[in-house]
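Q: Sequence plus the predicted model coming up.
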Amino acid sequence: LNDFESIQRFAHSLPTGKPPKILITGGLGQLGTECAKLLRSQYGRENVILSDIIKPSQEIVDSGPYIFADILDFKGLQKIVVDHRVDWLIHFSALLSAIGEQNVPLAVRVNIEGVHNVIELAKQYNLRIFVPSTIGAFGPDSPRRPTPNVTVQRPRTIYGVSKVHAELMGEYYHHKFGLDFRCLRFPGVISSDPPGGGTTDYAVAIFHNVLRNGKYTCYLRPDTLLPMMYIEDCLRALLEFMCAPAESLKRRVYNVTAMSFTPEDLVEKLRKYVPELHVTYNPDSRQLIADSWPQIFDDSEARADWNWNHKYDLEKLVDLMVKDVQENYI
Ligand code: AKB
């Protein structure tokens, strides 16, 4: 799809012919602001409400509607849905894999209680709901090369456990109540906006560090192979999946990916831009997490059922990231 075609295809996707009113929770994390930008380009600025519990920058406020929303406050969420006549909920609030291990009770509250709230909310108000899952929903007993859509899932992080729980709750509500629950398992997502608290974060941090001072100390071994994708592919997957006709979906949870690479592979590509770069390796507890995750992610079902196709490979990703980080952060 080129951009024009995608606008034509997605612009009128409510039965009324009106654009959906969309609420994004956890909107100030890695994916929220770029997701709002994409959805606003499709459905109009006023139809996409970004929310979080964090005080926003002036730039965020100027870019479109922004409100306070605490996903642990069910009544508050009900009020937002009613007041703004929300149709779709994109639920990004979550503690990621590495940070979750440092505060398990908080991860349980945000990642599990939060999901209970938004799923029940979506059922009560008949919302289409998207909850991202992750390669972290798999564990050491899962096949790693490749990891298919349906296989053993025994994750060893609270993040992974909470994501399996979200997948199962959503599927259950879909079968029991007809909830329009949609969930993609994302790999590591690479964007110039820094993520926080993940295991795949090295693949973003390395750009910022190497382009600023030519050096980076990586917390994973050089040969750690993990599935990854560029943020534009990730958000386009989300939008296309949200717009896919229900009849085309054979399941409610799909693997998606674009590529797999190691820190070593990434360093090799970066050398083209920074020939003198110096990367050292000092594996920490995140190595154990990465070692339990898929290495090659099988997303053939998404490709077959709703035509998922990635656009960015490692070469293009590095090209765009170097430009973006240089222009906006250096
Ligand atoms: C993390 O590293 O925790 C996330 C993910 C792969 O879900 N980026």
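A: The structure has been received and is ready for your questions.

Q: Show me what residue of the stretch 51-200 of the chain gets nearest to the ligand.
A: As assessed by CB to the nearest ligand atom, the ligand sits closest to residue 198 within the stretch 51-200 of the chain, at 2.8 Å. In short, each C-beta sits where N, CA and C put it, glycine included.

Q: mind listing what the residue nearest to that residue when sequence neighbours are not counted touches?
A: Distances taken as CB to CB, 6 or more residues apart in numbering put residue 96 closest to residue 198, at 4.1 Å, once the chain neighbours are dropped. Neighbouring residues of residue 96 by CB atoms under 8 Å, 6 or more residues apart in numbering: 159, 195-199.

Q: Can you tell me the element residue 227 falls in?
A: strand 226-230 (DSSP states H and E).

Q: Can you spell out which helices and strands pack onto that strand?
A: strand 188-190, strand 259-261, helix 314-329 (3 or more CB pairs under 8 Å, 6 or more residues apart in numbering; DSSP states H and E).

Q: let's see it at 7 Å
A: Under the contact definition 3 or more CB pairs under 7 Å, 6 or more residues apart in numbering; DSSP states H and E, strand 226-230 sits against strand 188-190, strand 259-261.

Q: Among those, show me which one is buried the most.
A: Greatest average neighbour count among the helices and strands packed on strand 226-230 goes to strand 188-190 (a mean of 26), per mean count of other CB atoms under 10 Å.

Q: What residues does the residue of the stretch 51-200 of the chain closest to the ligand make contact with?
A: 96-98 (CB atoms under 7 Å, 6 or more residues apart in numbering).

Q: ditto for residue 314
A: 259, 261, 265, 269.

Q: Now flag whichever of the residues you listed is closest to residue 223.
A: Nearest to residue 223 among the contacts of residue 314 is residue 265, at 9.4 Å by CB to CB.

Q: could you measure that closest one against the ligand, distance?
A: 17 Å (CB to the nearest ligand atom, to the nearest Å).

Q: What sits closest to that residue if chain neighbours are left out?
A: That would be residue 314: by CB to CB, 6+ apart, it lies 6.7 Å from residue 265.

Q: Check the one you found and give its pLDDT.
A: The model reports residue 314 with a pLDDT of 98.

Q: Show me what counts as buried in stretch 168-187.
A: By neighbour count on 16 or more other CB atoms under 10 Å, the buried set for stretch 168-187 is 169-171, 173-174, 179-187.

Q: can I get these in JSON lines with distance to residue 22 and secondary structure?
A: JSON lines is the format used below for those (distance: CB to CB, whole Å; DSSP: H, G, I helix; E, B strand; the rest coil):
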{"residue": "169", "distance to residue 22": "21", "secondary structure": "helix"}
{"residue": "170", "distance to residue 22": "18", "secondary structure": "helix"}
{"residue": "171", "distance to residue 22": "22", "secondary structure": "helix"}
{"residue": "173", "distance to residue 22": "19", "secondary structure": "helix"}
{"residue": "174", "distance to residue 22": "20", "secondary structure": "helix"}
{"residue": "179", "distance to residue 22": "17", "secondary structure": "coil"}
{"residue": "180", "distance to residue 22": "13", "secondary structure": "strand"}
{"residue": "181", "distance to residue 22": "16", "secondary structure": "strand"}
{"residue": "182", "distance to residue 22": "13", "secondary structure": "strand"}
{"residue": "183", "distance to residue 22": "16", "secondary structure": "strand"}
{"residue": "184", "distance to residue 22": "16", "secondary structure": "strand"}
{"residue": "185", "distance to residue 22": "21", "secondary structure": "strand"}
{"residue": "186", "distance to residue 22": "19", "secondary structure": "strand"}
{"residue": "187", "distance to residue 22": "24", "secondary structure": "coil"}
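
Q: and which of these is nearest residue 130?
A: So of the buried residues of stretch 168-187, ranked by how close each gets to residue 130 (CB to CB), first place is residue 182, at 5.0 Å.

Q: Wait, that closest one touches residue 251, no?
A: No - between residue 182 and residue 251 there is no contact under CB atoms under 7 Å: 10.0 Å.

Q: shared neighbours, those two?
A: Common neighbours of residue 182 and residue 251 (CB under 7 Å, 6+ apart) do not exist.

Q: got the contact list for the strand or helix carrying residue 89?
A: Using DSSP H and E, residue 89 sits in strand 88-91. Under the contact criterion CB under 7 Å, 6+ apart, strand 88-91 has outside partners 20, 22-25, 35, 118, 122, 127-131, 242.

Q: biggest separation within these, which pair?
A: 35 and 122 (17.5 Å).

Q: Among the contacts of residue 198, which lie within helices?
A: 97-98 (DSSP state H).

Q: Relative to residue 294, which of the contacts of residue 198 is nearest.
A: Using CB to CB, the contacts of residue 198 come closest to residue 294 at residue 97, 13.1 Å.

Q: Would you confirm that that closest one contacts residue 155?
A: No - using CB under 7 Å, residue 97 makes no contact with residue 155, being 9.0 Å away.

Q: Now the common contact residues for those two.
A: Between them, residue 97 and residue 155 share the contacting residues residue 136, judged by CB under 7 Å, 6+ apart.

Q: List the residues that contact the closest residue to the ligand within the stretch 201-330 of the chain.
A: Nearest residue of the stretch 201-330 of the chain to the ligand, counting by CB to the nearest ligand atom: residue 201, 6.3 Å away. Residues near residue 201 by CB under 7 Å, 6+ apart: residue 195.
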